[in-house]
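Engineer: Output the structure for:
(3 chains)
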Amino acid sequence: MTKALVSVPKTARRGDIIDIRAMIAHPMETGYRMGPNGVEIPRRIITRFVCTYGGEEVFFAEFFPAVSANPFVSFSLIASASGTVGFEWTDDQGQTESASAEIVVT
Amino acid sequence: MPGPAARLIVLTGVTGLLIVLTSHASTDDISPGERRSGRDFMAPETQAIQADDTANPGMLWVLQGAGLWTQKAGPADQSCASCHGAAQASMRGVAARYPALDAATGKPIDLTGRIAQCRSERQGGTALPRDGDELLALTTFVAHQSRGMPIAPPDDARLTPFRDAGRQIFTTRMGQLDLACASCHDDNWNQRLAGSAVTQAHPTGYPLYRLEWQGIGSLQRRLRNCMIGVRAEPFATGSDDFIALELYLMQRAAGMEMETPGIRP
Amino acid sequence: MTEPTTRDPLGNTALGRRAVLAGGIGLLVLALSVRALARPSLQQAVAGFTGGAPVTAGRVKLTLPPLVENGNAVGVTIDVESPMTAQSHVRRIALFNEKNPQADIAVFRLGPHNGRARIATRIRLATSQTVIAVAELSDGTYWSSEANVIVTLAACIEDLT
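Structural biologist: Below is the predicted model:
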């Protein structure tokens, strides 16, 4: 189950600048920590985050281990047309999780 | 400034952690007007994370719990919702009155224990491990339904001996550092300890997301941290001692507002 | 449940944690792993992003709390002054730190459809240090803003078992 929370306004007027937020459950294990047995816990982080709007990429982020566990990011978009805002996170093992929200633009 | 009766406690633990606490009195209760949630001791930035559901990472577990609430399991293929309906109505205020008396055993049971019990005895699903992510998520989801409501410990005389036992634990010195919970949380709550606010130890936000844990954790996990902090052997998870402590903490915080999922440093 | 022995943001060793608690900055330096010592300096990291192009202080506003309760999750906001039009916009924004084991924090790619060059996220800081945000504009120029952060740590430590 994808444990992700995204926030997109349900409605907006064309041309409005809207606030987008996205957060996903992920340990963002740095690879620098020791486990209880004294062995390094292997690195496992989300490395790529993409936001699409109407199918086009509108925001992209590359993450390193210094991004907090359960990564949170907020950014803006210009409301241009009704459609789907998609979110996709990919970790360094190639696992992808996604979420989406609909916006109605008048 | 500490008065003549003041005592200076200087602790140097095995980690070289240096703690200086001024203790001006023996274990006096905090007066109701002075009670403050741990939230009020946090930096404004940390408070802002808790206040905004789109930024509060604890909401990820609320979301997971909501998913589990409607997931079918057991021989009758029932979900929590099959029997309880919408949690927004049926679970509202429930967390605010736990731990409660478990009629079958005559002993108090905490919210997590009750959910685990319902899961295995009524739903007949596979037992969920106590501090595992799923039971934590369900507890967080159920407790979240009481957010904003006052803590309302049950007025049940059968709970009194357990509450007294909890109070006894709270005020008894323990561990290599020979400190009681009350030494910090009743007597020195306004102090800082190696950068952290000591706080009054109110259980208002649990399960909560602690930045230190980088995840959500139960009240018992927090209590375990404090016991380890004074170099005491922590009680076993789910033990009578922990539940007695929880019961006392909820009584001590009666009327304070539930915050689940809280954020703490 | 597997509880790692270390709880600091970027995995200083158990020794590192003790050093931090003892408050000794000298000790902390000792505790940094070999890998941490091999990391590029802040300047080298920025040069890697800009390809050596000059960076001017200004146009970027990096906001971080000056005093942080826990280095595991430090809120950061970056604002860049830009009309965000097709002709003139922010192309990329990078965040770097001075003292974590790795200098990179995140790189964001944006454009005119964002309307406003404002990003917020949460980052890990292993210790008190400088953080820098560098913005690449569509005209190929680079602009930056720095902030110094003091990181205090929680006192009650997690299980060491």
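Engineer: and the residue in chain A positioned nearest to chain C, which of the three is it?
Structural biologist: Closest to chain C within chain A is A:Tyr32: 3.0 Å, counting by C-beta to the nearest C-beta. (C-beta placed from N, C-alpha, C; glycine too.) Three-state assignment for A:Tyr32 (DSSP: H, G, I helix; E, B strand; the rest coil): coil.
Engineer: my guess is C:Ala57 contacts C:Ser144, does it?
Structural biologist: Yes. Assessed by C-beta atoms under 8 Å, C:Ala57 is found in contact with C:Ser144 at 5.7 Å.
Engineer: the more surrounded of the two?
Structural biologist: A side-by-side neighbour count of C:Ala57 and C:Ser144, using other C-beta atoms under 10 Å in any protein chain shown, places C:Ser144 first with 20 against 10.
Engineer: Pairing partners for that one in the sheet, please.
Structural biologist: Beta bridges link C:Ser144 to C:Ala57, C:Val134, judged by DSSP bridges.
Engineer: for A:Pro9, what are its contacts?
Structural biologist: Contacts for A:Pro9 (C-beta atoms under 8 Å, 6 or more residues apart in numbering or on different chains) come out as A:Ile18, A:Asp19, A:Ala79, A:Ile103.
Engineer: Ok, C:Val74 next?
Structural biologist: Per C-beta under 8 Å, 6+ apart, neighbours of C:Val74: A:Ser68, C:Leu64, C:Pro65, C:Val68, C:Arg122, C:Ile123, C:Arg124, C:Leu125, C:Val149, C:Val151.
Engineer: Go through the residues you listed and flag which are in strands.
Structural biologist: C:Val68, C:Arg122, C:Ile123, C:Val149, C:Val151 (DSSP state E).
Engineer: Tell me where the chain has helices.
Structural biologist: Since no chain was named, I'll use chain A. With DSSP state H as the criterion, chain A has no helices.
Engineer: oops, I was thinking of chain C
Structural biologist: Along chain C, the stretches classed as helices by DSSP H are C:14-22, C:25-31, C:34-37, C:42-50.
Engineer: what do you get for chain B?
Structural biologist: In chain B, the segments counted as helices under DSSP H are B:44-51, B:59-69, B:80-84, B:87-90, B:111-117, B:133-144, B:160-171, B:181-185, B:219-229, B:240-252.
Engineer: Could you list every helix and strand that the fifth one packs against?
Structural biologist: Applying 3 or more C-beta pairs under 8 Å, 6 or more residues apart in numbering or on different chains; DSSP states H and E, one finds that helix B:111-117 makes contact with strand B:100-102, helix B:133-144.
Engineer: Just the buried residues of that helix, please?
Structural biologist: Within helix B:111-117, the residues that count as buried by 16 or more other C-beta atoms under 10 Å in any protein chain shown are B:Leu111, B:Thr112, B:Gly113, B:Arg114, B:Ile115, B:Ala116.
Engineer: Put the alpha carbons of it into PDB.
Structural biologist: Extracted C-alpha coordinates of helix B:111-117, given in PDB (Å, rounded to 0.1, in the frame of the first residue of the first chain):
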ATOM      1  CA  LEU B 111      -6.100   1.300  23.600                       C
ATOM      2  CA  THR B 112      -3.500  -0.700  21.700                       C
ATOM      3  CA  GLY B 113      -4.200  -3.800  23.900                       C
ATOM      4  CA  ARG B 114      -8.000  -3.400  23.200                       C
ATOM      5  CA  ILE B 115      -7.500  -3.100  19.500                       C
ATOM      6  CA  ALA B 116      -5.200  -6.200  19.500                       C
ATOM      7  CA  GLN B 117      -7.800  -8.000  21.500                       C
END
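Engineer: what residues does that helix touch?
Structural biologist: For helix B:111-117, the external contacting residues (C-beta under 8 Å, 6+ apart) are B:94-95, B:98-100, B:102, B:109, B:127-128, B:130, B:135-136, B:138-139, B:142-143, B:218, B:238, B:243.
Engineer: Just the buried subset of these, please.
Structural biologist: For those, buried by 16+ other C-beta under 10 Å: B:94-95, B:98-100, B:109, B:128, B:130, B:135-136, B:138-139, B:142-143, B:218, B:238, B:243.
Engineer: circling back to that earlier point, can you tell which of the helices and strands packed on helix B:111-117 is closest to chain C?
Structural biologist: Smallest distance to chain C across the helices and strands packed on helix B:111-117 (C-beta to the nearest C-beta): 9.2 Å, for helix B:133-144.
Engineer: Okay, domains of chain C per the record?
Structural biologist: Listed by automatic domain parsing, the domain ranges of chain C are C:6-38, C:42-153.
Engineer: Mean pLDDT for the ones you listed - can I get that in CSV?
Structural biologist: Below are the domains of chain C laid out as CSV (pLDDT from 0 to 100):
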stretch, mean pLDDT
domain C:6-38, 39
domain C:42-153, 96
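Engineer: so which of those domains gets nearest B:Trp61?
Structural biologist: Closest approach to B:Trp61 among those (C-beta to C-beta): domain C:42-153, 15.5 Å.
Engineer: Quick one: distance of the closest one to the chain centre.
Structural biologist: 8 Å (C-alpha atoms, centre = their mean, to the nearest Å).
Engineer: if I look at B:Gly148, how far off is B:Asp53?
Structural biologist: To B:Asp53, B:Gly148 is 13 Å away according to C-beta to C-beta, to the nearest Å.
Engineer: Likewise for C:Arg109?
Structural biologist: From C:Arg109 to B:Asp53 the distance is 28 Å (C-beta to C-beta).
Engineer: where does the chain have low pLDDT?
Structural biologist: The chain I'm using is chain A. Applying pLDDT under 70 to chain A flags residues A:1.
Engineer: Oops, wrong one, chain B.
Structural biologist: For chain B, the stretches with pLDDT under 70 are B:1-27.
Engineer: May I see the helices and strands packed on helix B:111-117 arranged in TSV, with distance to chain A as well?
Structural biologist: Shown next, in TSV, are these (distance: least, C-beta to the nearest C-beta, whole Å):
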stretch	distance to chain A
strand B:100-102	30
helix B:133-144	9
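Engineer: rewinding a little: want to throw the ones in strands among the contacts of C:Val74 into CSV with neighbour count and distance to chain A?
Structural biologist: CSV is the format used below for the ones in strands among the contacts of C:Val74 (neighbours: other C-beta atoms under 10 Å in any protein chain shown; distance: C-beta to the nearest C-beta, whole Å):
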residue, neighbour count, distance to chain A
C:Val68, 24, 12
C:Arg122, 22, 4
C:Ile123, 26, 5
C:Val149, 21, 12
C:Val151, 23, 13
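Engineer: Domain map for chain B?
Structural biologist: If you go by automatic domain parsing, chain B breaks into B:35-51+B:158-264, B:59-144.
Engineer: tell me the most buried of the ones you listed?
Structural biologist: Of all the domains of chain B, domain B:35-51+B:158-264 has the most neighbours on average by mean count of other C-beta atoms under 10 Å in any protein chain shown, namely a mean of 20.
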